[in-house]
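dropping the sequence and predicted coords here.
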Amino acid sequence: MNPAQLVRYEVADGVGVVTVENPPVNALAPGMREGVIEAVARANADPDVRALVLIGAGGNFIAGADIRQFGTARAVSTRDSAKVLDASEKPVVAAIDGYALGGGLEHALACHYRIGTARAKLGLPEVTLGIIPGGGGTQRLPRLIGPEAAADLIVSGRHASADEALRLGLLDVLTDASDLRAAAIRYARSVADVRPLPRVSERGDRIAAAAADPAMLESLRKSVARKARHLKAPLEAMACIEAAVQRPFDEGLLLEQRRFAELENADEAKALRYAFFAERQAAKIPGVDKGQTPQPVRSAAVIGAGTMGGGIAIAFADAGIPVKILEVSEEALTRGMQRIRETFEARVKRGSLSPAEMEKRLARIQSVRDYESIADCDAVVEAVFERIDIKQQVFGRLDTVMKPGAVLLTNSSAIDIDVMAAATRRPEDVAGAHFFAPANVMKLCEVVRGSSTSAATLLRAMKMGRDMGKICAIAGSCDGFAANRSRTPMMTETMLMLEEGARPAQIDKVMMAFGYPLGPFAVNDISGLDVSYEGRKRRAAADPGYRKLHVPDRLVEMGRKGQKTGAGWYRYEPGDRAPHPDPVVDEVIAAVASELGIAQRSFDDEEILHRLLFASVNEACKVLEDGKAYRASDIDVMWLHGFGFPRHRGGLMYWADTVGADRIHRQVCEWHEKYGRRWAPSALLGAVAAAGGRLRDATGKEST
Ligand code: 3HC
């Protein structure tokens, strides 16, 4: 957009109205801050203007700085335009509809009044991008709503609703007027003569109590440090909030400016910016017109009331989408519904859901026992036992009963979509919607494309996933699809390193130090060791050269299936989820190693990390080579949201570039020599290494 069109200024009823417009979300592009500064000067110089309104066009206020501008020099900063708004001699009213985020909210905080609609969403999400608010947000927000509420908003990066913002004092007025501009002009006229102007930068009332209570700040700092884990930005934000309480405004502002500049170009911020754009990129299907708008899924059905089916039904209900859960056996249905209720009850117990809201969500889930009852649903997600013949039967039934145009989705994690599509007379309507356990918690929905799946079906499945609050990415159909297929080699290496002398606790420690919330063995104890057991048996039967994983197989055969049986990779005390290393596991490992004649040695932490992640980088390259993902960044999105890969590392492929494709390729070739075919290097990895390129830029072969 031409900078001259980014900010409009006009006078209406004696009020200078400054409208910013930069679709879709009015991010602060170069020229916008300058436009605001100029408009404030014009209004202040015009004797016919008594007050100003700052408003965004197109249903949003301002969603923050343009993230693409970070890391580049900017002539005028939010700090500058905020200073001018703050200093205006005539009152400025921020009129907020939609998003007021980051630099957007900082502009609103520098205004003297804030009026918003019920659609307003206000927040300072900078820490999610590895930075802190840099336009005075860390100084003004605590002065306006108090340090505790400010720390909560800034450190979580979450968006506050209009109701909450009003309660906090972030909004002065919540209007239900249909014309926000007109309401804001009226409001501006009503406060035009009030003096002194209520400048947030000059307020001291909300920080006075904290200034006199160092213990409160100390406990706030500790709680932020606990939540920050591997991230720098939340701690820096907290230091600035403390300065807001303890020092004059201008000093706090200087500190904020210094810390912002240090963080902006740090690795953490670069990786988090990459992740932001990777997520948005994943929503795009190459070759499909951006203008196509899929119909939303307004009613859904889930086949199978097991753990996955129940989790998916909860995710629908959480998103306000009515869902029918179908299970032919009465007993299994009752058990499934009971588990769903327990999941909601646990949330009520934790305080994250009110009992009334729980009942509302439960009411959206209807249990049914026959296929005819789901015929009218817009989408159906099959989540039955992972066996081809059962899936084929289910899809045959769905084809008979479902209304024309319904999308038929499978939550299979490995079975070829085409097999299920072939059981119907509408293969174009069939796709995968692969959720990750627990489906109501994990954010990833891997949308899987069969060879006949239509673009319309893919788009609708993606929209359904997004409406469920998921992050979607598309994979092609192959064993394990893109996410699990690229992760399996890492899991294989975790198991095989045990045979060589590493221990679960050491491997878990290395991966947690890397940034995972839990190590792979602790996670496996939660998900259940038996889940992958069947898949391994299937692969072993299909492939005589398959390298068996004896240690986990034996543990499963001993009944050690993880937390649910009180023991798996670790031992658990009744009623306690803390993992304890178990000598029984060491004995199993020692027995397997001795039977296979594998010598024992020690591993250093870097070898563990590289062995695990390089195996997956190599496989991810093969996924791209085979055209089973569109882009390397889609694989990163899958790892971030399906497997808890640390976000501040960007994603598997982004991280790989920090090591270097060349180094990874050389190591993979070496391990190929040593360990054989499972380390066969990917041609794509070799090509990127030879060209000195970046893996994160790799794209999949056309045929996805
Ligand atoms: N900068 C650049 N582009 C942005 C942007 C931003 N701040 N916010 C959104 N966009 C782009 C997206 O990349 C996307 O582009 P595309 O269509 O080409 O892919 C488009 O706008 C629409 O965005 P979404 O698909 O994300 O739309 P949603 O409706 O799902 O979400 C949103 C809207 C909640 C505003 C979300 O886009 C978002 O969270 N944006 C980032 C907000 C943010 O972090 N702001 C703070 C920036 S840091 C800052 O302000 C520093 C200051 O303190 C100085």
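Okay, I see it. Numbering: from 1, shown residues only.

can you name the residue of the stretch 201-350 of the chain nearest the ligand?
Arg280 (3.8 Å; CB to the nearest ligand atom). Placement of C-beta: from N, CA and C, glycine included.

before we move on, what about the stretch 101-250 of the chain?
For the stretch 101-250 of the chain, CB to the nearest ligand atom, closest residue to the ligand: Gly102, 2.4 Å.

wait, that residue touches Pro125, no?
Yes - counting by CB atoms under 8 Å, Gly102 does reach Pro125; the two are 6.0 Å apart.

need the residues touching each of the two.
The contact sets of Gly102 and Pro125 overlap at Gly64 (CB atoms under 8 Å, 6 or more residues apart in numbering).

how about the residues of this structure near the ligand?
Contacts of the chain with the ligand, taken as CB under 6 Å from any ligand atom, map to 24-25, 27, 63-68, 78, 99, 101-103, 106, 125-126, 129, 133-135, 137, 280.

swap the cut-off to 5 Å and go again
24-25, 27, 63-67, 78, 99, 101-103, 125-126, 133-135, 280 (CB under 5 Å from any ligand atom).

domains of the chain?
Domain segmentation of the chain under automatic domain parsing yields 3-265, 300-481, 503-602.

what mean pLDDT would you report for the second one?
Which is domain 300-481. On average, the pLDDT along domain 300-481 is 96.

end to end, how far does it reach?
24 Å (CA to CA, to the nearest Å).

the shortest one too?
Using CA to CA, the end-to-end distance of domain 503-602 comes to 9 Å.

all further residue positions should be reported with the first residue as 721.
All set: I'll call the first residue 721, so the last point we hit is now domain 1223-1322.

what ranges does the stretch 1271-1420 of the chain have for its strands?
In the stretch 1271-1420 of the chain, the segments counted as strands under DSSP state E, counting those that start in this stretch are 1290-1291, 1300-1301.

out of those strands, indicate the one that is most buried.
Ranked by mean neighbour count, those are led by strand 1290-1291 with a mean of 20 (mean count of other CB atoms under 10 Å).

which secondary structure element contains the closest residue to Leu829 other than its chain neighbours?
Leaving aside its sequence neighbours, Leu829 sits nearest to Arg860 (CB to CB, 6 or more residues apart in numbering; 4.1 Å). Per DSSP states H and E: Arg860 is located in helix 857-865.

how about that helix as CSV, C-alpha atoms only?
Extracted in CSV, the C-alpha atoms of helix 857-865 (Å, rounded to 0.1, in the frame of the first residue of the first chain):
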residue,chain,number,x,y,z
GLY,A,857,4.2,-0.8,26.7
THR,A,858,6.2,-2.1,29.6
GLN,A,859,6.0,1.3,31.2
ARG,A,860,2.5,2.4,30.5
LEU,A,861,0.6,-0.9,31.0
PRO,A,862,1.7,-1.3,34.7
ARG,A,863,0.8,2.3,35.3
LEU,A,864,-2.6,1.8,33.9
ILE,A,865,-3.7,-1.6,35.2
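
and the next element down the chain from that helix?
In N-to-C order, the element after helix 857-865 by DSSP H and E is helix 867-876.

now that following helix: mean pLDDT?
96.

which SSE is immediately downstream of it?
The first helix or strand that comes after helix 867-876 along the chain, using DSSP H and E, is strand 880-881.

and the helix or strand that comes right after that next one, what's buried?
Reading on from strand 880-881 to the C-terminus, the next helix or strand found by DSSP H and E is helix 882-888. Of all the residues in helix 882-888, those buried under the rule 16 or more other CB atoms under 10 Å are Ala882, Glu884, Ala885, Leu886, Leu888.

how far is helix 882-888 from where the chain is centred?
25 Å (CA atoms, centre = their mean, to the nearest Å).

could you do stretch 1312-1323 as well?
40 Å.

list the neighbours of it that are in contact with it.
Met1217, Glu1219, Glu1220, Gly1221, Ala1222, Gln1226, His1270, Val1271, Arg1274, Arg1331.

try it again at 10 Å.
Here stretch 1312-1323 makes contact (CB atoms under 10 Å, 6 or more residues apart in numbering) with 1215-1223, 1226-1227, 1230, 1268-1271, 1273-1274, 1309-1310, 1329, 1331.

can you list phi and psi of Phe980 for me?
phi -60, psi -50 (degrees, to the nearest 10).

ok, Val1022 next?
Main-chain torsions, Val1022, degrees, to the nearest 10: phi -120, psi 130.

okay, and the helix or strand of this protein with the least pLDDT?
helix 723-726 (a mean of 78; mean pLDDT, DSSP states H and E).

what about the residue of the stretch 821-970 of the chain closest to the ligand, how many residues nearby?
28 (other CB atoms under 10 Å).

and for Lys1394?
For Lys1394, using other CB under 10 Å, the count is 8.

give the contact list for it.
By CB under 10 Å, 6+ apart, no residues touch Lys1394.

state the pLDDT value of it.
pLDDT, read off for Lys1394, is 96.

quick one: it from Glu1220, how far?
According to CB to CB, to the nearest Å, Lys1394 and Glu1220 sit 11 Å apart.

likewise Pro1366?
Distance, Pro1366 to Glu1220, by CB to CB: 26 Å.

between those two, who's got more neighbours?
Set Pro1366 next to Glu1220 and count neighbours by other CB under 10 Å: Pro1366 wins out with 20 against 15.

tell me how many other residues crowd the nearest residue to the more buried one once chain neighbours are set aside.
Excluding the flanking residues, the one nearest Pro1366 by CB to CB, 6+ apart is Gly1235, at 2.7 Å. Neighbour count for Gly1235, taken as other CB under 10 Å: 16.

which residues touch Gly1235?
Arg949, His950, Leu951, Gly1364, Phe1365, Pro1366, Arg1367, His1368, Arg1369, Trp1375 are the contacts of Gly1235 under CB under 10 Å, 6+ apart.

what is the neighbour count of the spatially closest residue to Gly1029 that is not a sequence neighbour?
Leaving out its chain neighbours, the residue that sits closest to Gly1029 by CB to CB, 6+ apart is Ala1103, at 3.8 Å. When neighbours are defined as other CB under 10 Å, Ala1103 has 27 of them.

tell me how many other residues surround Ala1400.
Ala1400, neighbours per other CB under 10 Å, totals 12.

tell me who's in contact with it.
Each residue near Ala1400 by CB under 10 Å, 6+ apart is listed here: Asn1338, Lys1342, Val1388, Cys1389, His1392.

report the separation between Trp1391 and Arg1398.
In terms of CB to CB, Trp1391 sits 9 Å off from Arg1398.

shaky segments in this structure?
For the chain, the stretches flagged by pLDDT under 70 are 721-724, 1422-1424.

and if we set it to 50?
For the chain, the stretches with pLDDT under 50 are 1423-1424.

still on that earlier bit, thought the residue nearest to Leu829 was touching Leu825?
Yes - in this structure, Arg860 is within contact of Leu825 by CB atoms under 10 Å, at 9.3 Å.

settle it for me: which of these two has more neighbours?
Leu825 (33 against 27).

where does the closest residue to the more buried one other than its chain neighbours sit: helix, strand or coil?
Among residues not flanking Leu825 along the chain, Leu842 sits closest, at 5.4 Å (CB to CB, 6+ apart). What DSSP: H, G, I helix; E, B strand; the rest coil gives for Leu842 is strand.

right, I'll leave it there.
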